[in-house]
Each structure stands twice: as C-alpha cells, then as structure tokens.
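Participant: quick check, what structure comes out for this input:
(one chain, ligands or ions: 1)
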Amino acid sequence: VGMIAIVGRPNVGKSTLFNRLVGQRRAIVGDEPGITRDRLYGYSEWAGKRLRVVDTGGIVPDDEALIPAEIFRQAKVALEEADVIVMVVDARTELASPDIDLARLLQRTGKPLILAVNKIDDPKLESYVEDFRRLGIRTMVPISAEHSTGVAELLEEILERIPEKAAGDKTVEDKNAGARPALRNAKTAAEPADTFDDQPSVDLDSEIDDAPHEGAEQPDSELTPEIKIAIIGRPNVGKSTMLNRLTGTARAIVSPIAGTTRDAVDEVVERDGQIFRFIDTAGIRRKGKTRLMAEKLSVVMARKHLEAADLALVLIDATEGVTAIDATIAGYAHEAGRSVIVVINKWDLVTINRADGKPAAKVDIFEEQVRRHLKFLNYAPIVFASAETGYGSGKIYEAIELVARERRKRIATGEMNRFLKHVDFERAGVPYSQRVRILYMTQAAVSPPTFILFTDRATPLHFSYRRFLENQIRDAFQFVGTPIWIKSRARN
Ligand code: GDP
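Facilitator: Numbering: from 1, shown residues only. Predicted structure coming up:
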C-alpha cells in the first residue's frame, strides 16, 4: 500500500481533497489503533493500486507564528510514513510566507512532493498555477477538489511516484538492490547516537523520482516525530509517581494549538529537542476505590492508553516481582504492536541492605524473572528505576528514544533480500509437509515493523518459520523494544 500525506494551510481544501481521494471508504477513518484524532486515514484505489491517504487537516493552527513548526510537530508522523506528499494551496489566495516555509520543509524530507493548486473551479483560472512556481515544487497540478476536476491527473502523478513494492506490485524487481551497504542498520542499532536522529523519516528506497535537494541541510529537530508514551501497570506500581518524575525533569510544553487542547490530559514535554507525549495523564492518576476495582481499572486503562501510544512503559513493582496482572497488561501492549520498555520500579526498596542483613537484590535475578514470566517480551529493554528517588529516569528516556527509533526503522528491500539469502530455513525445524519456499520479503510498514514474506504456495506460515525468522531478523537488524509482524503471501 502506498502512503499519501496531504498537507497544507487551513482552508485550502485538504479535507475536500481527502474525501475525493478516499470516497466512501472514509467510513473506516479513525478506527485504526494508534491514530490520534488529529489525523484522518482512509484508503483509496486507483488503477488497481491501493493507496493509504492521510489528511493532516484540522491540526494546522491559524496563528501564523506557529507555522511551520507546529505543522511539523503534528504532521510529522504522517510525513514520516508517507511515500508521496501532496501539498495543497488555494489558487485564489496570495502566495504567503508560511506556504514558502512549509514547502521548504517538505522538500527537506527528500520525499516525492506534488503541489495541488486547488480551487481552480474554472479552466480559465489555470494560469493562477504559475504564481506558485516560486515554491520550487516541480510537479504542480491544478485541481478543484470541490468539483472533482484534476483529481484523476493528481492521482496519476501520485502513482508514478509510489515505489512499486509499496503499491503492492509484486512482480517488479527491487530497483535499488545492491545500492546500499548492508551494514547500515546493524550499525545504527548498535550506536544509538547515529544519524537516525536526524533522519528517521527518509526512506531511501522511495527517492526514486525526486532526489532530495542538492546540499540540503539535514532536517532539523522539528522533523523528529513526537513520541507517544503510555505508562501502564497494575495499581500501586508507581505509575503516577513515575509520570511526575519523568515530566518533572523535562520542560513542559504549553501549546495553544487547537489539536492539542482537546488532548489536554496528555502531558507533553521536551527534552533535548525531542517531544514526548504522555498519554492521558488524568487516566494514569485515576485510582479505583477497592482493590478489585483498582485492578480492573488498571487493565482497562492500559488497553485504552495503548491505543494512542507508540510505546508503553510497563511498570513492575520490584518489591513484588512479576505477577499475573503484569503479564496480562504487558500482553496487551505486545498484541497491539506497541513497543515496550519494562521498568522495574521501586528499585530503591530492594537494593539497600535489608533489615535482616540479607544482601541486596541482584539485577540479573530480576532480569531472569522478567524474561521467564514475560517470554513474549524478549525484545524489550529492562530498566531499573525508582520513581521516588529519580534513579533511572535518564535511562528511561534513553530507552524511549532508542526504542522509538528502532520502531520506525526501515530496511530496504535489497538489503532485506541479501539478508534472506543467508537464512537457512532448514534450521527452522518445520515439518516436511508444512514447508514452503520463501521467495523474497519486503518491509511493508514501520511502527511496528511489518514484513511480508512471499512464498511459493498458499499454505499458512508455520509458526516455527515465523519464530525462526523473527530471531534472525533481530540478530541482523535488532529492532529493540518493538514487536515484529510477519505476514506471508503466496506469489501467484
Ligand atoms: P499507581 O497506582 O501505579 O499510580 O502508583 P502510585 O504512583 O500512586 O504509587 C503507589 C505508592 O508507591 C505511593 O505511595 C508511592 O509513593 C510509592 N512509590 C512509587 N514509586 C516508588 C519508588 O520507586 N520507590 C518507592 N520507595 N516508593 C514508590
């Protein structure tokens, strides 16, 4: 599926265009887990190809002082996922400096960019398009979203820029095979301080048509997506104390933006240029009246908070160890495809010498316990912390940034298939009758990393293949803290 992001100033007609592209399929909008209310998603189909369209509308503040930083803050996830960006302008208004700033920033993503000059309701108005050439966007299409004119032409331009693989065309060879050294991702994972911070959004494989501007600066920190965090765990593990601790050490952002006031219960903080959004902090602080109610509430809240989050801090009480409710709550995060960091909280209470003179608790004993009781989270980092004293807060933030990067990591198809060549599926131990030939694979999505495996016949993929392949992928590319989804498809 190719991904299109629609971007532009208020009232230029983004939503109308979105509706034109998506049509009746709009019904599914907003149902996807993890999508904030600020963004609308829908699907479109054209010439047999499926497109995913995201409308960044409704999020752009009217206050021009906040453009484009806020456009970016809000729309960055959409832009990051996009294969093609469509910037919309209103033909009947003067070209204003926010448009120029926005165009410049969009160009810096290095992604294929198309300018839709909207509200050309009459062919006579087409000459207005020329006024927008100053934006420096090569491909300009006059449209009237209202009257549906030019929309087909726009779709054609979009499709030309969708990488074949993303559009679901399985027969085309990977154009970039061999174009890049295989070590890049392994290196990035090993060295969190690598360039990924600067450029998480640029998929080198999609830069087929529009090469990034010569000598363009690195995208600045405005391009770094906000990280949405759910703090989950059973009653009294220290969720609210941890929230206070984590938000207390960072700079709170009070934002007058319409899109964020609706989310007033989120707490948004900035730390070294990275924005962290703690989901539904009112919910984190809510307590059940009885123990049973509190436990039920903690599970319900965990599920709700996970919907809006990229990653979860799963808190475990060090004085009590891993319990069944911990496993249930952590299981939801895993199932939902959210990244997970296990935080062993109240570490201050177990590391000191106890009154009976017994020695302090050992890190590896706890780690072993977590790994044993939460087997499915073998990919999750474990951080030892004390919300009370602040011990480990820095480590938690580091883990969050690492895991968020890993979650968005994209392995080029060429690299993936070079990797696949060296995987010996004999070792997966799949019963003979269940065996399939694995032809090639591609990473279809990020957040969570999702791989499509093409096989020679339509047999459901045996779980041993899945597990084996997941381990091999992690050995080669890490993907710290994030579940990996593997889908299989028979190539016909
Ligand atoms: P929640 O129900 O998960 O939100 O838990 P709270 O944040 O309300 O914490 C429950 C209790 O544990 C409170 O009395 C906190 O002061 C205490 N607490 C939380 N974190 C720590 C910690 O790291 N160390 C210690 N010693 N106490 C903690």
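
Participant: tell me which parts of the chain are close to the ligand?
Facilitator: Within the chain, the positions adjacent to the ligand are 233, 235-241, 345-346, 348-349, 386-388 by Cβ under 6 Å from any ligand atom. To be clear about C-beta, it is placed using only N, CA and C from the backbone, and glycine gets the same treatment.

Participant: if you set the cut-off to 5 Å instead, what comes out?
Facilitator: When proximity is defined as Cβ under 5 Å from any ligand atom, the chain approaches the ligand at 235-241, 345-346, 348-349, 386-388.

Participant: mind putting the residues you listed into a markdown table with neighbour count?
Facilitator: Compiled in a markdown table, those are given as follows (neighbours: other Cβ atoms under 10 Å):
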| residue | neighbour count |
| --- | --- |
| 235 | 17 |
| 236 | 16 |
| 237 | 28 |
| 238 | 22 |
| 239 | 27 |
| 240 | 16 |
| 241 | 16 |
| 345 | 27 |
| 346 | 23 |
| 348 | 18 |
| 349 | 14 |
| 386 | 22 |
| 387 | 26 |
| 388 | 15 |
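
Participant: need the max-distance pair from the residues you listed.
Facilitator: Pairwise distances across the residues of the chain next to the ligand (Cβ to Cβ) peak at 19.4 Å, for the pair 235 and 348.

Participant: re the thing from before, so which of the residues of the chain next to the ligand belong to helices?
Facilitator: Residues from the residues of the chain next to the ligand lying in helices, with DSSP state H as the criterion: 239, 240, 241, 348, 349.

Participant: dump those residues to JSON lines, plus distance to residue 489.
Facilitator: JSON lines is the format used below for these (distance: Cβ to Cβ, whole Å):
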{"residue": "239", "distance to residue 489": "40"}
{"residue": "240", "distance to residue 489": "45"}
{"residue": "241", "distance to residue 489": "47"}
{"residue": "348", "distance to residue 489": "50"}
{"residue": "349", "distance to residue 489": "50"}
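
Participant: what is the subsequent helix or strand relative to the worst-scoring helix or strand of the chain on mean pLDDT?
Facilitator: The weakest-scoring helix or strand in the chain, judged by mean pLDDT, DSSP states H and E, is helix 184-190 (a mean of 30). Going down the chain from helix 184-190, the next helix or strand is strand 227-232, by DSSP states H and E.

Participant: what packs against that next one?
Facilitator: Using 3 or more Cβ pairs under 8 Å, 6 or more residues apart in numbering; DSSP states H and E, the elements in contact with strand 227-232 are helix 239-248, strand 274-278, helix 291-307, strand 311-317, helix 324-335, helix 393-407.

Participant: same question for the first one: list its buried residues.
Facilitator: Residues of helix 239-248 classed as buried under the neighbour-count rule (16 or more other Cβ atoms under 10 Å) are 239, 240, 241, 242, 243, 244, 245, 246, 247.

Participant: likewise stretch 387-401?
Facilitator: Judged by neighbour count (16+ other Cβ under 10 Å), stretch 387-401 contains these buried residues: 387, 391, 392, 393, 396, 397, 399, 400, 401.

Participant: can you lay out those as CSV showing pLDDT?
Facilitator: Shown next, in CSV, are the buried residues of stretch 387-401 (pLDDT from 0 to 100):
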residue, pLDDT
387, 94
391, 91
392, 93
393, 93
396, 97
397, 95
399, 96
400, 97
401, 94
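
Participant: can you put those residues in TSV and add distance to residue 408?
Facilitator: Formatted as TSV, the buried residues of stretch 387-401 follow (distance: Cβ to Cβ, whole Å):
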residue	distance to residue 408
387	28
391	29
392	24
393	23
396	19
397	17
399	15
400	13
401	11
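
Participant: which one of those is nearest the ligand?
Facilitator: Minimum distance to the ligand across these is 3.7 Å, recorded for residue 387 (Cβ to the nearest ligand atom).

Participant: which residues does the closest one contact?
Facilitator: Contacts for residue 387 were tallied using Cβ atoms under 8 Å, 6 or more residues apart in numbering; they are 238, 241, 242, 244, 245, 345, 346.

Participant: just to be sure, residue 479 is in a helix?
Facilitator: No. Applying DSSP: H, G, I helix; E, B strand; the rest coil, one finds residue 479 to be coil, outside a helix.

Participant: and stretch 403-412, C-alpha only, in CSV?
Facilitator: Provided in CSV are the C-alpha atoms of stretch 403-412 (Å, rounded to 0.1, in the frame of the first residue of the first chain):
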residue,chain,number,x,y,z
VAL,A,403,13.0,2.2,21.1
ALA,A,404,11.1,4.9,19.2
ARG,A,405,13.9,5.0,16.6
GLU,A,406,14.0,1.2,16.3
ARG,A,407,10.3,1.1,15.8
ARG,A,408,10.5,3.4,12.8
LYS,A,409,13.4,1.7,11.3
ARG,A,410,13.0,0.6,7.7
ILE,A,411,15.2,-2.0,6.0
ALA,A,412,15.5,-1.6,2.2
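
Participant: related to what we said a few turns ago, out of the ones in helices among the residues of the chain next to the ligand, the closest to residue 427 would be?
Facilitator: Relative to residue 427, the closest of those is residue 239; by Cβ to Cβ it sits at 42.0 Å.

Participant: just checking, that closest one touches residue 315?
Facilitator: Yes. Applying Cβ atoms under 8 Å, one finds residue 239 in contact with residue 315, separated by 5.9 Å.

Participant: if we can go back for a sec, now for the contacts of residue 387, which pair is the farthest apart?
Facilitator: Using Cβ to Cβ, the pair of those lying farthest apart is 244 and 346, separated by 14.7 Å.

Participant: give me the low-pLDDT residue ranges for the stretch 251-400 of the chain?
Facilitator: Applying pLDDT under 70 to the stretch 251-400 of the chain flags the ranges 251-264, 351-361.

Participant: check residue 35 and give its pLDDT.
Facilitator: At residue 35 the predicted local confidence, pLDDT, stands at 32.

Participant: quick check, residue 483 in a strand?
Facilitator: No. Read with three-state DSSP, residue 483 is coil and lies in no strand.

Participant: so who does it touch?
Facilitator: By Cβ under 8 Å, 6+ apart, the neighbours of residue 483 are 334, 337, 338, 339, 379, 448.

Participant: change it to 6 Å
Facilitator: Contacts for residue 483 (Cβ atoms under 6 Å, 6 or more residues apart in numbering) come out as 334, 337, 448.
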